[in-house]
Each structure stands twice: as C-alpha cells, then as structure tokens.
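Undergrad: Fold the following, please.
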Amino acid sequence: MQGWLDNLASLRKKEVLLMQQQQSGKRLREDDDRTAMLEKKVEDHDYELAKLKRARNAGTCTTRNEEDIAADFEKRTTYVQHGHLGLQELTPAQREAVLRCCKNLMRQKIPRGRDHSFYELIQTYKKRPADKLKEPDHMQPAVITLLKTIKDAVGSQHRVYDPHSRGLFPQPAQGRIDVTLMTGNNINSYTYVVAFAELKLSQSGLSAAFGQSVTRLQLLFEQQPDRSTAYFFAMTPYEARVVRVQRHGHQKDSWHFTADSLPPLSLSCTDSPALCTPTELAPAVLAIAQVFATSSEQLGWRPPTDTQQEQLNEGLLHNIQLLCWGTRMGIASRVFTAKLNKEDKGDEDVVVKQGCATREVEIMEFLNQHPSEHVPRLIQVLDKDSWVIKSGDQQLRSIVIKPLYEPLAADDGADVLAQVAADLACTIDWLCNQLMVIHRDVSPNNIGKYSVDGHDRGALYDFSVAKRVSNFPEKHSEGGAAKNLTGTPCFVALSLLSDVHNAQHTISSHLESLYLSLRHIIMPLPDVWVFEENSSVSRWANTRRGCMMRPQLQLNALQNSSNPREQQLGFFLNKLHSLFWPSDEQGAYGYRTNVSVANFVEVCRAVNPRLLIDSIPLQNPTEQVGPAIAGAAGVAVGAVAGAAASVPRGRGSR
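TA: Numbering: from 1, shown residues only. Prediction:
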C-alpha cells in the first residue's frame, strides 16, 4: 500500500511540474503522447485512491476496492433457503401473471430506439463478447423493463426508477444507485427509498455490487435513522442475490446480512431459458417478484411523518413529512415537505427547513422584498422550542418557504435543461449585481424547476451559505483546507480552488458551478473528484484542472450517441465546457474566469431557440477578474449591444 501511495506522490510531482510548464507558455497539445500518458497514469491513480477512500468511509475495511468490502460482507452473511427472508409469498394469481409476462418478455422484439427487452439482451449476449458489452446500454434498460413488468404483474405500489438515466441522487461520493424502489412522490430523496438494486455485467460482478451496496446502505441508514431493516438485490447475467440487512445499533459493525441461496441465473446461457420454464419462474425472478409483493413497511421503511401541526399566519401547516437529513456546523438539520391549508385556496405544497442561522433568515426576509418566481418566498419563521436547534449560544430556527420545486434530472431533456440553465444564470446575475446577494453554493441539490403556463422554468434555493455584500465581487473564504471552502466542494469553481487567499466569488465562478452541476446531473462527475474533507485544496485544483482538460472523449461519446436525446445533451455540455475551457487551433486548452451571463445564455439559446428570456444581460465590467489561463483567447459570444440587464420575473408577471 505504501509503495502505491509513494508512486502516486511521484506522479503528483510530475503533474505539478507539467502544470507549471503549461502556465509558463508550454501549451498542452492533444498529440503530445508523453503528456497524455502521464495524465492517464495520474487519472488512474486518482481513481484507485478514490475507491480506497470510499472503502474506508464505508467502515467495513481498509482495502482498495469493492471486492474487498464484499469479502468482509461475506464473513457477516448468513445464507438461508429460499423463502426465509421475511418476504411476502406470491398468490397463485400473481405467480401466473409474472410467469405470463416473463414468457412474453423472452420472445418480445421491440423496435429499435423505443425500448429494450430481455429478448434483445439475450441475443446480444449470444453475439457479442463480454468485453464489448456496456452496463448502461445493454443491461440497465433491459432490467428496468423486466422490473417494471414484474411490478405491474404483481400489482405492487412501489415505484421503479432508473437513477442513472434520470440523473437522480446527485451524490458524487456515493455514486448513483442502479435501481430504486420508492414510495411517495419525492423520488430524489434517500428518505423515500424502500429498496434498491445494483447491476453488474461481469461474471465476478456480484462481489462489486455487494461492495457498492454497503456504501449505499450507509447513506440510506443515515437518511432513515429510525430504520433497522433494509433489502437490496444484486444481479448479473449469471446470478442474483436478494439480501436482508438488519442493524442493531448505529455502528456498521452491528449490521447483519442474510442472503437468499439462489441457483445461478441463466441470462448468459444460449440454450436454457433466462427467466422461466413453460411452467415455473426462475428462482431469482421469483425472489425479486416477492420483493415487489412485500409492503414498504415489511421491507423496513417507516413513513417519515411528523404528526404535529402548526397554525401559521397564512393557514394550517399539516402533513409534515421528512424529506432529508443534513448537517450544518456539525448539527443535524432536517428538511420537510408539508401542506399549508388556506381556507379559501385549499392545500398548497410548502417546505419546512429546520436549522437556519440568523443570516439565512435575514436574507430570506430581504428576498421577500424583491419577489421573484426563481427564488423561494419566506412564509414564516418558526420560533417555538420544538422547531429550534440550540448550538452553544446560537439558536438555529426553522423557516417555512414556498413553493416546493422539482429536482432536475437527465431525462428532462436538453430543451428543458437549457431553459432552466438560462433562468438560473439570469437569477444569479440579478442577485449579485442588483441585490448584492451572493449565493456561493450553486450545486445539484440547490437548483430545480417549476412549471408555469406549460413551461418548465429554473429556480435557485438554499441560501444557507449566501451573504449580502456591499461590494461585488466578494473575496472567497480564506484557508487552504477543504473545510474552509464556501459551498459544495465538488462544484466549486476552479478559480476559487486555485487561489483560496485571493480568489473572488464572481458571476463567472457561479456560472462555472452551474455548468458542473448540470454536467453531474446529466452524467456523473468522475470518481477522482471525491476527496476527504481535510484534503489539500491545491491537490483538488490540480486534479480538477487535469480532468477538465480532457473531458472531450466522454462528452463526445455522449454527443455521438445514436440516441437523439443524448446527442442534444452532449452538444449542450460540449458548448458549456468550451465556455470555460476553450481550445485553439493547435489544441491547447485554456481556462476562462470571465464568462458572462450573455455568453452562458447564448449557449442555452443554441440548444433551445425558443428560450423564454426577455433580454440578455451585457457582460458586467466587474466580471473581468483575470485573463484566461494557458493562453486561451477571450471568447465573445453574442453579447447583444444595448441589451438591458435581465431581471427574473416578479410574481404576477406571467
């Protein structure tokens, strides 16, 4: 292990030297094989380091990969005969319905481009070598189709979601679950995950799936602290396992795993049926069907409902349900969804946020004086003891805000995401340049959408680290450790990471965070972006710089996809990336710190020509905070002469 880390340190020194050479005028070129080889080694080592840290954070071992986590899992697993996991048995009618549907799936051909079937998956396995198969393209869609078919045949109330394609659960440190079984309408919160599944293509993939599941379980139990039992299943083309996890305390050592002993699955076989015989379901399919037949409560989920009600100035606050847990200054905080009943208008969806510092409350009160549909409105501050969290001499209060925005997802499509992005860019400009409020935490969890007149529009929320200033731009928080960063580190602009003592929060830095958030929603950020809290910020900056100088292979693969929706998304991300990381004719990349709202909106308009923007703001002179690094020329993208600054629409201006 030490030798591996020493090798990484040596590569790091070479990378720093490389970056210094770049900044002194020696540009990075795509045809420089030696440079590309060095960067590839750095990226590979970063990936291994990230996997090591995920394993350590999972608390089950101190080894480098998911297989080692799975080995520890095996030591604490009890295998039982089928039918002893506490799942609901299928009725004869349900069993017959699942059998009939599986027969249809195995012989059903679906026109290309519309959907995927198990028939196509099996045919693919017969024709292609295993190393030519891809989990997102060949297994994930087919398994989602299978699970939704089983769900409907059983008559289950669980909702099946594919977080990968929808861009749900934007958690860089944990990655995205392959399949979730949810309850309720909050599809983007671990609080409402009933069960989940991990899928792998390789024959040895079950161990990796178990290792990933341990990491998912950690976050699941954190977001559902009263839960003591959970279920997940892991599936490869060769085998499947349904697992029950029971914990007898909050320490991971108290977890006990019970797995169903199932015979091998036969998706990879060319002669035997994959899902069923003419008269019987495959045991693995039967076990998965039983998961769907089991109620949410039997699977261990507990409704996160707070029974108390509050009488507010505008009506009765009721049906208060936990949306997610969070932390602020080490203090546990919570976010709830609720209904606000007004006698003349009925119920209205609102949000209750517990654990707000005085500054956040004051900013929300200030924003109420300048109403906009693109930021939430404060309804009331809750000062009762039951809603106040005490931290030393400070009292963190609760606020009721509206509306309840929808999270963004990849399947919203490029048109919607471009519209939302343009709205957010103009909102950032309005907040910073007119209200002198800097948000400082533009990240996937803090941006969303709402619908008005049949159109989806963008919204920016969570002003917990926002600040009112007298002069804009405002200097970044000082310090060289990650804990001193303002915002969510994975989405902080590179300019703020590169010079933590002198960098400034600018329009461009907020827009860069917006681009990184959109990129992560559409396609998860690389594992090398995952770092521990006290990591060196300079190391973060070097890794970020290296990743952003070679994203084109990944982005071009998305843009060159056979799926029109993915082509549009890839085009959108490529255009946004080029704003911040332009390249010249020789292939040298530079980094821009003066991207304007006009530049950003023009890219959105190229994706969605029907963009609902009344006017495009001119580039603000205060945004010229520094030249592009590594020789990138400034890019003037369609700034409209004489255009007035865009102001988010006020309420009632629809």
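Undergrad: Contact partners for the nearest residue to residue 414 once chain neighbours are set aside?
TA: Nearest residue to residue 414, sequence neighbours excluded (CB to CB, 6 or more residues apart in numbering): residue 568, at 3.6 Å. The C-beta positions use only the backbone N, C-alpha and C, and glycine is treated the same way. Contact analysis of residue 568 by CB atoms under 8 Å, 6 or more residues apart in numbering lists 413-415, 607.
Undergrad: Now with 10 Å, please.
TA: 413-415, 417-418, 558-559, 561, 607-608 (CB atoms under 10 Å, 6 or more residues apart in numbering).
Undergrad: Please name the nearest non-neighbouring residue to residue 362.
TA: residue 468 (7.8 Å).
Undergrad: and residue 427, what is it in contact with?
TA: 372-375, 439, 447, 457-460, 510, 597, 646-648.
Undergrad: Give me the buried subset of these.
TA: Using 16 or more other CB atoms under 10 Å as the burial test, the contacts of residue 427 include 372-375, 439, 447, 457-460, 510, 597, 646-648 as buried.
Undergrad: wait, what's in contact with the residue nearest to residue 362?
TA: 359, 362-363, 366, 431, 435-438, 474.
Undergrad: Residue 314 too?
TA: 340-342, 345, 348, 350, 379-380, 400, 402.
Undergrad: swap in residue 295?
TA: 88, 156-158, 183, 194, 301.
Undergrad: Now name the helix or strand holding it.
TA: Assigned by DSSP states H and E, residue 295 falls within no helix or strand.
Undergrad: Check what pLDDT the residue nearest to residue 235 when sequence neighbours are not counted gets.
TA: Nearest residue to residue 235 in three dimensions, chain neighbours excluded: residue 199, at 5.4 Å (CB to CB, 6+ apart). At residue 199, the pLDDT value in this model is 87.
Undergrad: correct me, but residue 199 touches residue 234?
TA: Yes - here residue 199 reaches residue 234: they are 7.7 Å apart, a contact under CB atoms under 10 Å.
Undergrad: Now for these two: what residues contact both?
TA: With CB under 10 Å, 6+ apart as the test, residue 199 and residue 234 both reach 178, 205, 209, 240.
Undergrad: On the three-state scheme, residue 510 is what?
TA: helix (DSSP: H, G, I helix; E, B strand; the rest coil).
Undergrad: quick one: least confident of the buried ones among the contacts of residue 427?
TA: Out of the buried ones among the contacts of residue 427, that is residue 646, at 39.
Undergrad: neighbour-wise, which of residue 199 and residue 234 wins?
TA: residue 234 (26 against 23; other CB atoms under 10 Å).
Undergrad: phi, psi of the residue nearest to residue 414?
TA: Phi and psi for residue 568, reported as degrees, to the nearest 10, are phi -60, psi -40.
Undergrad: Farthest pair within the contacts of residue 295?
TA: 88 and 183 (15.5 Å; CB to CB).
Undergrad: quick one, which of these two is more surrounded?
TA: The neighbour count for residue 88 versus residue 183, taken as other CB under 10 Å, is higher for residue 183 (20 against 17).
Undergrad: before we move on, back to that, TSV for the contacts of residue 314, including pLDDT, distance to residue 318 and neighbour count?
TA: As requested, the contacts of residue 314 are arranged in TSV below (pLDDT from 0 to 100; distance: CB to CB, whole Å; neighbours: other CB atoms under 10 Å):
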residue	pLDDT	distance to residue 318	neighbour count
340	92	8	23
341	92	6	17
342	85	12	12
345	78	15	10
348	91	11	16
350	93	10	24
379	95	14	22
380	95	14	17
400	94	12	23
402	92	15	16
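Undergrad: Which single one of the residues you listed is nearest to residue 147?
TA: Taking the contacts of residue 314 together and measuring to residue 147 by CB to CB, the closest member is residue 350, at 33.3 Å.
Undergrad: can I assume residue 563 is in contact with residue 413?
TA: No - in this structure, residue 563 is not within contact of residue 413 by CB under 10 Å, at 11.3 Å.
Undergrad: If you count surrounding residues, which of the two has more?
TA: Neighbours per residue, other CB under 10 Å: of residue 563 and residue 413, the larger number sits with residue 413, 18 against 12.
Undergrad: picking that back up, just the buried subset of the contacts of residue 295, written out for ChimeraX, thanks.
TA: Here is the ChimeraX command that selects only those of those that count as buried (16+ other CB under 10 Å):
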select :88,156,158,183,194,301
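Undergrad: Now residue 318. Its backbone dihedrals?
TA: The phi/psi pair for residue 318 (degrees, to the nearest 10) is phi -150, psi 180.
Undergrad: Excluding chain neighbours, what is closest to it?
TA: Per CB to CB, 6+ apart, closest to residue 318 is residue 309, 4.7 Å.
Undergrad: I'd guessed the one you found sits against residue 384; true?
TA: No - counting by CB under 10 Å, residue 384 is not a contact partner of residue 309; they are 11.9 Å apart.
Undergrad: Who has more neighbours out of these two?
TA: More crowded of residue 309 and residue 384, by other CB under 10 Å: residue 309, with 14 against 10.
Undergrad: which residues touch that one?
TA: Counted by CB under 10 Å, 6+ apart, residue 309 has contacts 316-320, 338-339, 341.
Undergrad: Just the ones of the contacts of residue 568 in helices?
TA: Taking DSSP state H, the ones among the contacts of residue 568 that sit in helices are 414-415, 417-418, 558-559, 607.
Undergrad: Mind picking the one among these that's closest to residue 103?
TA: Of the ones in helices among the contacts of residue 568, the one sitting nearest to residue 103 (CB to CB) turns out to be residue 558, at 35.8 Å.
Undergrad: Just say helix, strand or coil for the residue lying closest to that closest one once chain neighbours are set aside.
TA: When the adjacent residues along the chain are set aside, residue 558 lies closest to residue 570, with 3.4 Å between them (CB to CB, 6+ apart). Under the three-state scheme (three-state DSSP), residue 570 adopts helix.
Undergrad: can you give me the helices in the stretch 451-600 of the chain?
TA: 494-498, 507-522, 537-548, 552-559, 564-580, 597-607 (DSSP state H, counting those that start in this stretch).
Undergrad: Residue 607 reaches residue 569, doesn't it?
TA: Yes - at 9.0 Å, residue 607 counts as touching residue 569 under the criterion of CB under 10 Å.
Undergrad: State the distance from residue 394 to residue 86.
TA: Using CB to CB, to the nearest Å, we find residue 394 at a distance of 45 Å from residue 86.
Undergrad: Between those two, tell me which one has more neighbours.
TA: residue 86 (15 against 11).
Undergrad: and the more buried one, helix, strand or coil?
TA: Going by three-state DSSP: residue 86 is coil.
Undergrad: Let the chain start at 787 from now.
TA: Sure, I'll start counting at 787 from here, so that last one is residue 872.
Undergrad: Hmm, it is touching residue 1016, no?
TA: No - Residue 872 lies out of contact with residue 1016 (CB under 10 Å); the separation is 11.9 Å.
Undergrad: Need the overlap of contacts for the two.
TA: 1030, 1032, 1085-1086.
Undergrad: between the residues you listed, which is nearest residue 929?
TA: residue 1085 (19.2 Å).
Undergrad: so how many other residues sit close to the residue nearest to residue 1344?
TA: Residue 1356 has 22 nearby residues by other CB under 10 Å.
Undergrad: Mind jotting down where the strands sit in the stretch 987-1136 of the chain?
TA: Assigned by DSSP state E, counting those that start in this stretch, the strands in the stretch 987-1136 of the chain fall at 1015-1021, 1026-1033, 1041-1046, 1091-1092, 1096-1098, 1101-1114, 1117-1128, 1132-1142.
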